[in-house]
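# let's see this in three dimensions:
(4 chains)
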Protein chains: 2
Amino acid sequence: MQAKEAAERLGITQRMLRHYEKAGLLEVRRTGNGYRIYSDADLRRAGRVRDFIATGFSTREIRAMSACLSDDGAGPCEDGIDRLMEKLEHIERLRADLDARRDAVLERISALREGLASQRASVGSPEIAESD
Amino acid sequence: MQAKEAAERLGITQRMLRHYEKAGLLEVRRTGNGYRIYSDADLRRAGRVRDFIATGFSTREIRAMSACLSDDGAGPCEDGIDRLMEKLEHIERLRADLDARRDAVLERISALREGLASQRASVGSPEIAESD
DNA sequence: TTCAGCCCTAACATATGTGTCAGGGTGTCA
DNA sequence: TGACACCCTGACACATATGTTAGGGCTGAA
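Numbers count the residues shown, from 1 in each chain, chains lettered A, B, ... in the order given. Here you go, the predicted structure:
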């Protein structure tokens, strides 16, 4: 497919696709007139790139790992494993944090809702001490 | 504790701590002479900020969440509930994504380890067709 | 043929996270 | 007192991801 459709399907801009390509993360076929032709595999790859970037990897890092993350193996990937594990640590820590935080938020929301409701019911509610 | 120790404990630079503070993500107490004093709570908060940034959030986004995400309530959070729910969606999506990604990465790593092991076992292993 | 709607490259612009350096203060120990 | 290891602010520098704009070329329909 052409650039416009590819971008639309991925929900990103053509600019970003070109950027990924220039960064060496995609290799896109061209037609005779120089137009890019994206295959479905290109789309999947670009989607992964987008996710990685959205998750805090730089194109440099992604390029360094790309050998490791593609479905085919046995590249010069030994180097990349460590970096991968590092990122996993971040992710795990955040995941645990988000879990706890999510529960807290849900509680918080329902508390606020109750608070608002009771405020509406009785004007001049009691003060609440803060803590963090 | 003072800035140097705080930075060292977190494994980030003092510059970054100041940056987070300037971005409105931390409020650090000062001594009479203007020196920053970091509490353990500050450290935890800063660590979370660092993780969020390392995971692709901008300080803007983090700030937008911080008032509502702290454990104490009843702030100017009424406005924030909607944004909170939005952010929750983000978080849930990210959580799901991270989950999938983590599994994929773990699989990938073990596959690579096996690959390396078998390469080591039999020198001159058979070629593997590529696909992507 | 002309016009709309694609495509291309290149360049400049902006936001953000960090590094780094300059200029200067504080506190402690010899 | 001087040396040294801290601290502070502010400014400039750099990389990266992305937007935007300019200048120009294909293609297909009116």
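# any regions of chain A where pLDDT drops low?
A:67-88, A:90-91, A:93-95, A:97-105, A:107-109, A:112, A:116, A:119-132 (pLDDT under 70).
# mind listing the residues bridging to A:Arg36?
A:Arg30 (DSSP bridges).
# how about it, what does it touch?
By CB atoms under 8 Å, 6 or more residues apart in numbering or on different chains, the contact list for A:Arg36 reads A:Gln2, A:Ala3, A:Ala6, A:Leu17, A:Glu21, A:Val28, A:Arg29, A:Arg30. From N, CA and C alone the C-beta is placed, and that goes for glycine too.
# would you mark the buried spots in stretch A:33-50?
Neighbour-count burial for stretch A:33-50, counted by 16 or more other CB atoms under 10 Å in any protein chain shown, picks out A:Arg36, A:Tyr38, A:Asp42, A:Leu43, A:Arg45, A:Ala46, A:Arg48, A:Val49, A:Arg50.
# can you get me a residue count around A:Ala3?
By other CB atoms under 10 Å in any protein chain shown, 17 other residues sit near A:Ala3.
# and it, what does it touch?
With CB under 8 Å, 6+ apart, A:Ala3 has these contacts: A:Gln14, A:Leu17, A:Tyr35, A:Arg36, A:Tyr38.
# from those, which is closest to DNA strand C?
Using CB to the nearest atom of the strand, A:Arg36 comes nearest to DNA strand C of the contacts of A:Ala3, at 3.2 Å.
# list just the nearest of the contacts of A:Ala3 to chain B.
A:Tyr38 (13.5 Å; CB to the nearest CB).
# quick check: phi and psi on the closest one?
Backbone torsions for A:Tyr38, taken as degrees, to the nearest 10, come to phi -90, psi 130.
# likewise for A:Thr55?
phi -100, psi 20.
# now the residue in chain A positioned nearest to chain B: closest residue in space, sequence neighbours ignored.
Minimum separation of chain A from chain B (CB to the nearest CB) falls at A:Gly56, amounting to 3.9 Å. Distances taken as CB to CB, 6 or more residues apart in numbering or on different chains put B:Gly56 closest to A:Gly56, at 3.9 Å, once the chain neighbours are dropped.
# and A:His19, by the same measure?
Per CB to CB, 6+ apart, closest to A:His19 is A:Thr59, 7.8 Å.
# thinking again about what came up before, helix/strand/coil for the residue nearest to A:Gly56?
coil (DSSP: H, G, I helix; E, B strand; the rest coil).
# ok, it - how many residues close by?
Burial of B:Gly56 is recorded as 15 neighbouring residues (other CB under 10 Å).
# what do you get for A:Met65?
21.
# which other helices and strands contact whatever helix or strand it lives in?
Assigned by DSSP states H and E, A:Met65 falls within helix A:59-69. Packing partners of helix A:59-69 (3 or more CB pairs under 8 Å, 6 or more residues apart in numbering or on different chains; DSSP states H and E): helix A:40-54, helix A:78-121, helix B:80-121.
# next, the angle helix A:59-69 makes with the helix or strand hosting A:Arg15.
Per DSSP H and E: A:Arg15 is located in helix A:14-22. Angle of helix A:14-22 versus helix A:59-69, following axes from the mean of the first three to the mean of the last three CA atoms, to 10 degrees, is 70 degrees.
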